[in-house]
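> Dropping a prediction and its sequence here:
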Amino acid sequence: MKHKHLLIAGLFLSANFYFAQQKPTEKETKIDEVTIVKTKKAVEQKADRTIFDFSEQAHLNSGTVMDGVKKLPGLVVTDIAGMMYQGKLLDVYMDGRPLNITSNELNSFLEGMPANAVERIEIITQPGAEFPATSGGAILNIITSKTARNYLTATYSGNYSFTNYDKFRQRTNNSLSLNSRNKVFAWQLNIGQNYREGMMNGTIDDLSGTFTDFYRRGYFAKAGMTFELGNDDRLLLNYDVYHNNNDSYTLSHGKYNGNTFQSSDLANSLNLRNEAVATYQKRFDDKNKKLDFKLSYTSANSDFDQQNFNINQNVLQNDSDLNNVTFKVDYSQPVKILDEGKISLGGLYEKQNFQTSSKGIQNLDYQRQTASSYAEIQAKLKQFDFTLGTRAEDYDISGYAGNTALTPFKKFKLFPNASVQYNFMKQVYFALNYNKKINLPSISALNPNNTTYQNPNSVSTGNPNLQPTIFDNYEAKISAFDYAFIGYSVSHAKNQLAQMVTRNGDIITNKQMNIPEMNIRNFNVGLPIPFMIFTKPLSEIMKFNFNPDKINFLYIYAANQKHVIPNLDTKSFWMFNLMSQLILPKDIKLTANYFYIQPNASYFYFVSEKPIGNSVDLTLSKKFMKDRLSVSVFANDIFNGQQMAFRSVETPNVRLSNKNDSRSFGFSLNYKIPTKNKLAKEAPNMLNQEKKDDSGGILPQDNNQ
């Protein structure tokens, strides 16, 4: 009987578990002396995506964006397979727009942005027809936009941490966010800087060892203005700029042709990224009817140099220039389909140019044009939700690698998607999803200069003739109240890109290639366990007045993933993530996070020899000054367990390993600076003047958000 009570209590608390990390927002509406407070959840499960709130979760926003992303359950970051979520390779977006950033620079970009500048992160596991088919397996969408008020708001965010692996190294970031609005327009400015010292100790077989000290400096500014044009129409203008200046000092030793060598190198990388976006949003009397036009331009320039002090000359001098122009149209309106429904239509034109050079000589000229359109229908019938859509894309890819023409890719393809969801009750559903997607080779994989370090026995090159990957993605999922869920997905890929490392004598070659066929299977489950289930009887639990800030709980996430490659014996691996929240005296919140991935598992053409994830993170946080000031103290990877160690399955086996100074200690704070102005005093209740939740949004968002 006791076990039965525990089971009933567990189901009841799972149904109410969304309280566990709900947090009050600043939006309040006063109606006849009654205050209605809108809340949002730390995790929100939808049929096609999972949404993680960063804004007030200290264990996620106390470091860089990359630090926070690595703590998301189900997400794996490796040097071999890149960034994957529940077995799907991620395409990274920011504020609903593709970053169009090379994989070599992605880590530096995410490490150069403070996590407390992020509002939330959406991981879209089933991108619908409105998303470009090039989204591949899934999308990680970083949302930085805030909602502007009818008065000036200012928020300062700061972070300081240090590591002590072999010596003292410092890391810091600071950002300031300002926004306001009036009857005509709203504006937002977010500026910040990042400084990061670190190290990496790596080995390749018995051939060579490297020790690298790196220094990364990043600066960014994001500006936006929204003009109200009458009849609810809006014009949004955005401009973002990011600049990184990174240095690394590497000492290496090894053997080559029977001789030993020692090398000392200095590498410098300068990256500048600019993006300008103009969005016109046409609105109608029917608030569910929308028409958006979006024009964006992105330029990214990278200069990389490696100087060898032994011979006093540059051994690498690589430059790249990226230019991307996109025009997009999206339209949606409700229609009567079954009980109710909606139809969405749209189109996109994109042109991208990418050039690279080595020591002043151009060795890649890559050009891509994509024209696409889509149609998608959503319908409801009693407890069922249906989605059916397709996207038509026409590709024209060409160029030259040196004097040799690239293998052209000129094709017209259809990419259908479909889903059906049965709603047992509110926030409890079972969903089946399917979509076909394509993943174009990243420009860094195509780049013949795709290397950030070179010594006598290490060769790393890009492959200009890589072909796109076609995915068929299937998923079944049961979700209950956002936190409890179970899911199974299969991603079938043709021409999957994979990294290969081979050895010939004393030469190690690292290259990219296409695998004719590959499957990735992923099973995952998440379960919340409030601790009161073990201490209170069911009758008392049923009467409990749940307070979001007073709940102690443990959240368990587990997943099993297998990479299946024909004619290759691969092993699946288990991944575990445990996150616990404890409320201590004085309303101090302790958050503990443990992440572990078992060793001896297969990742494409590699086998892990040590656990990829093996870290324990602790965060203590507290709010002061009526929640205006949030302070947290943290310790990441306190047992220094994170390490990458892989063995290639090619003959002869090549063993690669590297260890970063992942253990760090520090503190962060977020301070909502008090502002005084006449308007704020005259109209303190600003929500009544706003038309809807997103009316003050500065940055343009996709329709489906």
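Noted; the coordinates are in hand.
> L584 - how many residues pack around it?
A count of nearby residues for L584, using other C-beta atoms under 10 Å, gives 11. C-betas here are computed from N, CA, C, even on glycine.
> quick one: contacts for it?
Counting by C-beta atoms under 8 Å, 6 or more residues apart in numbering, L584 makes contact with L590.
> which strand residues sit across from it in the sheet?
When bridges are called by DSSP bridges, L584 pairs up with I588.
> That one and F665: what is the separation?
L584 sits 19 Å away from F665, going by C-beta to C-beta, to the nearest Å.
> Distance check, V43 against I121.
From V43 to I121 the distance is 11 Å (C-beta to C-beta).
> same thing with S648?
From S648 to I121 the distance is 32 Å (C-beta to C-beta).
> Over to Y555?
Y555 sits 17 Å away from I121, going by C-beta to C-beta.
> Could you do K222 as well?
In terms of C-beta to C-beta, K222 sits 16 Å off from I121.
> Looking only at neighbour counts, state which of the two leads.
Between K222 and I121, counting by other C-beta under 10 Å, K222 is the more crowded of the two (25 against 21).
> can you tell me which residues contact the more buried one?
By C-beta under 8 Å, 6+ apart, the neighbours of K222 are T144, Q188, L189, N190, I191, N238, Y239, D240, L699.
> just to confirm, which helix or strand has it in it?
Under the criterion of DSSP states H and E, K222 resides in strand 208-230.
> name the helices or strands packed onto the following helix or strand past that strand?
Downstream of strand 208-230, the next assigned helix or strand under DSSP H and E is strand 233-256. Strand 233-256 sits against helix 103-111, strand 208-230, strand 259-283, with contacts defined as 3 or more C-beta pairs under 8 Å, 6 or more residues apart in numbering; DSSP states H and E.
> buried ones in stretch 618-629?
L618, T619, L620, S621, K623 (16 or more other C-beta atoms under 10 Å).
> Pull the residues that contact that stretch.
58-59, 62, 586-593, 630-635, 638, 669-672, 674.
> can you check stretch 236-247 too?
Residues contacting stretch 236-247 (C-beta under 8 Å, 6+ apart): 95, 105, 108-109, 112-113, 214-227, 266-281, 698-700.
> ChimeraX command to pick out the buried ones of these?
Command for ChimeraX that selects the buried part of the contacts of stretch 236-247, burial taken from 16+ other C-beta under 10 Å:
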select :95,105,108,109,112,113,214,216,218,220,222,223,224,225,226,267,269,271,273,275,277,279,280,281,698,699,700
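> part of a helix, is A445?
Yes - A445: assigned to a helix according to DSSP: H, G, I helix; E, B strand; the rest coil.
> so N636 sits right up against S615, yeah?
Yes - between N636 and S615 there is a contact at 7.1 Å, judged by C-beta atoms under 8 Å.
> who's more crowded, the two?
Using other C-beta under 10 Å, the more surrounded residue of N636 and S615 is N636, with 24 against 20.
> Which pLDDT value belongs to the more buried one?
N636 carries a pLDDT value of 91.
> how far away is it from F168?
16 Å.
> What lies in contact with stretch 250-268?
204, 206-213, 245-249, 304-310, 315-316, 452-453, 455-457, 505-506.
> Just the buried ones out of those residues, please.
204, 207-208, 210, 212-213, 246, 248, 304-308, 315-316, 452-453, 455-457, 506.
> Can you show me the strands along the stretch 501-650 of the chain?
507-530, 553-564, 573-584, 588-597, 602-603, 606-608, 614-624, 629-636, 644-648 (DSSP state E, counting those that start in this stretch).
> Dump the ones you listed into CSV; add distance to A401 as well.
Converted to CSV, these look like this (distance: least, C-beta to C-beta, whole Å):
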stretch, distance to A401
strand 507-530, 13
strand 553-564, 29
strand 573-584, 36
strand 588-597, 37
strand 602-603, 28
strand 606-608, 27
strand 614-624, 40
strand 629-636, 41
strand 644-648, 26
